[in-house]
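**Q** okay, structure incoming, though there's no sequence with it:
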Ligand SMILES: [Zn+2]
Ligand SMILES: [Zn+2]
């Protein structure tokens, strides 16, 4: 299929105002993981009027799955957007800034959701010409809780079986109008943990009568870094970050509890699991020296996102066809950020790619998870075109020769 003959830019132009309005509305009303009922409602408002779509709501909690051409035979390709926001106080001062204190779309999932709604409308208009089916996954809880896994558990990749899946993320390091992708690992696997240290509290003047959780915590924070430098192959990407320590209330009392939060990231699943075991072992051994108990809770454990080589090539080909070769990076550097898109890639061939949000004349653009981040509306046409393009390209050629 030659994408140029479909006149995608003109098609996208007819939905763009509605998609921008939806994006800004979602931005003003951010919802955290598994609370995205208003967001899902807005998605359903737009898609409910399209007779070619079969809709399922409440999937995996608040997810929406829309199937185009349900009655048709042929391959089925899935396109995924995530819907959740983050517990961050927004600092953009935009006219459509978050109206909810302490919550914002700092990862741009408002942009992903709005773009996928746009793609669903555009592709529905081409339903007669599609040699297969398209499944649109509007997923809850990417930031926490693994909404992708919930969607899969509730059959989002079945009936009909999904043959390949594609997802995108707005990216500040990539210029507006550009697309970046790579084969193999593109996002890190994660082990996000809470560590609670418990000891016997004591007077500051008599530390030997208690178990000092603060002293233990300081040693643990330092000791776990030796796992990265001494226990993991130096050429394997892996990072351990301790991001929160909370303990004590005053100057002269050694507290009983210290709470530590942190995360381990790696592009290599084996190294990740090894580091996670060694962090626990190290923390328990150090805690023991201080007569302190160490208890771990694993909060999240996403696998690395592994892009199928043929699906990644398809993304790059579509980007070149739509925007020209200079706008596409096909060996883009991976990120140590985590993404639960990994769960889909464990089940079916897929590719997760980046769409640029940084204007070409800007040397810098707020990064995701920053209180000043805003998914750039100017990136929406690129995102919609890529969603449409990868689905059209995949369906127009036998799946066996493409992904998998
Ligand atoms: Zn995020
Ligand atoms: Zn994100």
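**A** Thanks, I have it. If you're wondering where the values come from, they're calculated on a predicted model, not measured in any experiment. Numbering: from 1, shown residues only. Ligands and ions are numbered 1, 2, ... in the order given.

**Q** how about the helices in the stretch 101-250 of the chain?
**A** With DSSP state H, counting those that start in this stretch as the criterion, the stretch 101-250 of the chain has helices at 109-125, 147-153, 213-226.

**Q** show the average pLDDT along the longest one.
**A** Mean pLDDT, taken over the full extent of helix 109-125, equals 98.

**Q** which strand is the longest one in this protein?
**A** Assignment by DSSP state E gives strand 184-198 as the longest strand of the chain.

**Q** now it: average pLDDT?
**A** Predicted confidence along strand 184-198 averages 97 (mean pLDDT).

**Q** of the helices of the stretch 101-250 of the chain, flag the one that's most buried.
**A** For these, the largest average neighbour count (mean count of other C-beta atoms under 10 Å) is found in helix 109-125, namely a mean of 26. Using the backbone N, CA and C atoms, a C-beta is placed for each residue, glycine as well.

**Q** show me what that helix is packed against.
**A** Using 3 or more C-beta pairs under 8 Å, 6 or more residues apart in numbering; DSSP states H and E as the contact criterion, the elements in contact with helix 109-125 are helix 8-28, helix 37-47, strand 63-68, strand 76-82, strand 133-139, strand 164-175, helix 380-396.

**Q** what about 6 Å?
**A** Packing partners of helix 109-125 (3 or more C-beta pairs under 6 Å, 6 or more residues apart in numbering; DSSP states H and E): helix 8-28, helix 37-47, strand 76-82, strand 133-139, helix 380-396.

**Q** name the nearest residue to residue 115, sequence neighbours excluded.
**A** In space, and not counting its chain neighbours, residue 115 is closest to residue 383: 3.7 Å by C-beta to C-beta, 6 or more residues apart in numbering.

**Q** list the contacts for that neighbour?
**A** Shown here is residue 383, whose contacts under the criterion C-beta atoms under 6 Å, 6 or more residues apart in numbering are 115, 168, 355.

**Q** beta partners for residue 187?
**A** The residues listed as beta-bridge partners of residue 187 by DSSP bridges are residue 305, residue 335.

**Q** tell me the domain ranges of the chain?
**A** Per automatic domain parsing, the domain ranges recorded for the chain read 3-183+308-401, 188-300.

**Q** most tightly surrounded among these?
**A** By mean neighbour count, with neighbours taken as mean count of other C-beta under 10 Å, domain 3-183+308-401 ranks first of those at a mean of 20.

**Q** residue contacts, residue 263?
**A** The contact partners of residue 263, by C-beta under 6 Å, 6+ apart, come to 190, 192, 241.

**Q** what is the closest residue to it other than its chain neighbours paired to in the beta sheet?
**A** Once flanking residues are discounted, residue 263 sits nearest to residue 192: 4.5 Å by C-beta to C-beta, 6+ apart. For residue 192, the beta-bridge partners under DSSP bridges are residue 263, residue 300.

**Q** wait, doesn't residue 287 sit right on residue 294?
**A** Yes: A contact is recorded between residue 287 and residue 294 when judged using C-beta atoms under 6 Å, the distance being 4.0 Å.

**Q** between the two, what contacts are shared?
**A** residue 197.

**Q** dump the residue contacts of residue 140.
**A** If you count contacts by C-beta under 6 Å, 6+ apart, residue 140 has them with 34, 36, 61-63, 83-84, 147.

**Q** would you format the helices of the stretch 101-250 of the chain as TSV with distance to residue 271 included?
**A** As requested, the helices of the stretch 101-250 of the chain are arranged in TSV below (distance: least, C-beta to C-beta, whole Å):
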stretch	distance to residue 271
helix 109-125	29
helix 147-153	22
helix 213-226	14
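
**Q** separation between the residue nearest to residue 307 when sequence neighbours are not counted and residue 15?
**A** Leaving aside its sequence neighbours, residue 307 sits nearest to residue 351 (C-beta to C-beta, 6+ apart; 4.6 Å). Computed as C-beta to C-beta, to the nearest Å, the residue 351 to residue 15 distance reads 24 Å.

**Q** ok, now residue 34?
**A** Spatial separation of residue 34 from residue 15 under the definition C-beta to C-beta is 28 Å.

**Q** also residue 96?
**A** As it turns out, when the distance is counted by C-beta to C-beta, residue 96 lies 19 Å from residue 15.

**Q** check residue 72 too.
**A** For residue 72, the distance to residue 15 equals 23 Å [C-beta to C-beta].

**Q** so for this protein, the centremost residue is which one?
**A** Compute the mean C-alpha point of the chain, and by C-alpha atoms, centre = their mean the closest residue is residue 339, 3.8 Å away.

**Q** which pLDDT does the model give it?
**A** Model confidence at residue 339, given as pLDDT, is 96.

**Q** got a pLDDT number for the residue nearest to residue 125 when sequence neighbours are not counted?
**A** Distance criterion C-beta to C-beta, 6+ apart; nearest residue to residue 125, sequence neighbours excluded, is residue 11 at 6.8 Å. We have a pLDDT of 95 for residue 11.

**Q** touching, residue 11 and residue 123? I think so.
**A** No: with contact defined as C-beta under 6 Å, residue 11 does not count as touching residue 123 (9.3 Å).

**Q** which residues touch residue 293?
**A** Applying C-beta under 6 Å, 6+ apart, we find residue 293 in contact with residue 198.

**Q** and residue 182, by the same measure?
**A** By C-beta under 6 Å, 6+ apart, the contact list for residue 182 reads 331-332.

**Q** look up how far residue 332 lies from it.
**A** Computed with C-beta to C-beta, the distance linking residue 182 and residue 332 is 5 Å.

**Q** helix, strand, or coil at residue 259?
**A** Using DSSP: H, G, I helix; E, B strand; the rest coil, the three-state assignment for residue 259 comes out as strand.

**Q** what is it paired to in the beta sheet?
**A** For residue 259, the beta-bridge partners are residue 196, residue 246 (DSSP bridges).

**Q** over to residue 56?
**A** If you apply DSSP bridges, the partners that residue 56 bridges to are residue 65.

**Q** run a quick check on it versus residue 65, I expect a contact.
**A** Yes: proximity of residue 56 to residue 65 meets the contact threshold set by C-beta under 6 Å, at 4.5 Å.

**Q** ok, residue 183 to residue 312 distance?
**A** As for residue 183, its distance to residue 312 is 4 Å (criterion: C-beta to C-beta).
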